[in-house]
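Asker: pasting the sequence and the predicted coordinates here, then a few questions.
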Amino acid sequence: MKKIFTLMAAATLSLAAMATDYTGKITVTINGEGSTQETTISVNQNEDGTYKLNINNFKLISPETEINVGNIVLDNMKGYTINGVTTVVADQNIIIASGDDPNVPFWFGPMLGEVPIVLAAQFDSTNAKADIDIDLSDPEKLGQFINVKFNTREEGTGIKGDVNADGSVNSADVTAVYKLILGN
């Protein structure tokens with residue numbers, strides 16, 4: 001009997017560690033010019049209750065070119081859940097790792113070194129929405145400001161949760177959430 005309970009507990013823990021994958025449209029805007037493609041993001045809840053968001057084998061695709069960026073991973077993000085919708089925010093510097101697609105000979109992301117990323121994301125059991133700002137305006141980086149928007153639904157039909165009441169869920173919500181958490 002003890003083995004059955006141990007096995008059930010192990011199975012429960014392994015299910016909690018599984019990622020939820022969300023497939024939707026991602027729009028990448030660089031210095032005001034954008035392109036849209038389909039991609040998948042994964043969200044895990046860590047054992048300590050924080051969250052990890054992955055965009056693996058990320059590529060910037062436009063009619064003229066394709067840039068193989070790599071794996072974007074934001075980890076240890078605090079989140080809160082209200083009415084089944086979880087909101088996470090991040091203001092982190094990350095290193096973009098090489099992707100694992102064997103058909104890609106070169107990944108550009110690791111060459112960038114530390115990349116500053118601001119993220120505001122919301123998700124429930126079936127839908128996700130994220131807004132990511134990547135400030136590479138330093139001339140030693142790319143001299144560009146990049147905004148990434150991901151949504152599993154068409155704009156305006158996704159999950160609700162505009163924290164700062166500016167009409168959309170975006171990285172500006174990070175400040176509002178920090179103030180909410182800190183009580184400012």
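Answerer: Happy to help now that I have it.
Asker: pLDDT weak spots in the chain?
Answerer: Residue ranges of the chain with pLDDT under 70: 1-18, 139-142, 154-184.
Asker: partner residues bridging the residue sitting nearest the centre point of it?
Answerer: The centroid of the chain falls nearest to residue 53 when counting by C-alpha atoms, centre = their mean (4.8 Å). Using DSSP bridges, the beta-bridge partners of residue 53 come out as residue 43, residue 74.
Asker: and the helices in the chain?
Answerer: With DSSP state H applied, the chain shows helices at 2-16, 173-182, listed in chain order.
Asker: so where do the strands sit in this protein?
Answerer: Using DSSP state E, the strands assigned to the chain run over residues 20-30, 33-45, 51-61, 66-77, 79-82, 85-95, 114-123, 128-136, 144-151.
Asker: would a markdown table of those with distance to residue 105 be doable?
Answerer: Yep, even glycine has a C-beta here, placed from its N, CA and C like the rest. Converted to a markdown table, the strands of the chain look like this (distance: least, C-beta to C-beta, whole Å):
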| stretch | distance to residue 105 |
| --- | --- |
| strand 20-30 | 22 |
| strand 33-45 | 20 |
| strand 51-61 | 13 |
| strand 66-77 | 8 |
| strand 79-82 | 37 |
| strand 85-95 | 20 |
| strand 114-123 | 22 |
| strand 128-136 | 23 |
| strand 144-151 | 23 |
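Asker: quick one, which of those is nearest to residue 108?
Answerer: Smallest distance to residue 108 across the strands of the chain (C-beta to C-beta): 5.6 Å, for strand 66-77.
Asker: which strands or helices does that closest one pack on?
Answerer: strand 51-61, strand 85-95, strand 114-123 (3 or more C-beta pairs under 8 Å, 6 or more residues apart in numbering; DSSP states H and E).
Asker: deepest in the core, which of those strands is it.
Answerer: Highest mean neighbour count of these: strand 114-123, a mean of 22 (counted as mean count of other C-beta atoms under 10 Å).
Asker: list the neighbouring strands of it plus their orientation.
Answerer: Applying DSSP bridges, strand 114-123 is found paired with strand 85-95 (antiparallel), strand 128-136 (antiparallel).
Asker: send me that strand as CSV with only the CA atoms.
Answerer: The C-alpha atoms that make up strand 114-123 are tabulated as CSV, following Å, rounded to 0.1, in the frame of the first residue of the first chain:
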residue,chain,number,x,y,z
GLU,A,114,23.4,39.3,-21.9
VAL,A,115,20.1,40.6,-23.3
PRO,A,116,17.7,42.8,-21.3
ILE,A,117,14.1,41.5,-21.4
VAL,A,118,10.9,42.9,-19.9
LEU,A,119,8.0,40.5,-20.0
ALA,A,120,4.3,40.6,-19.1
ALA,A,121,2.4,37.4,-19.7
GLN,A,122,-0.9,35.9,-18.9
PHE,A,123,-2.1,32.4,-19.3
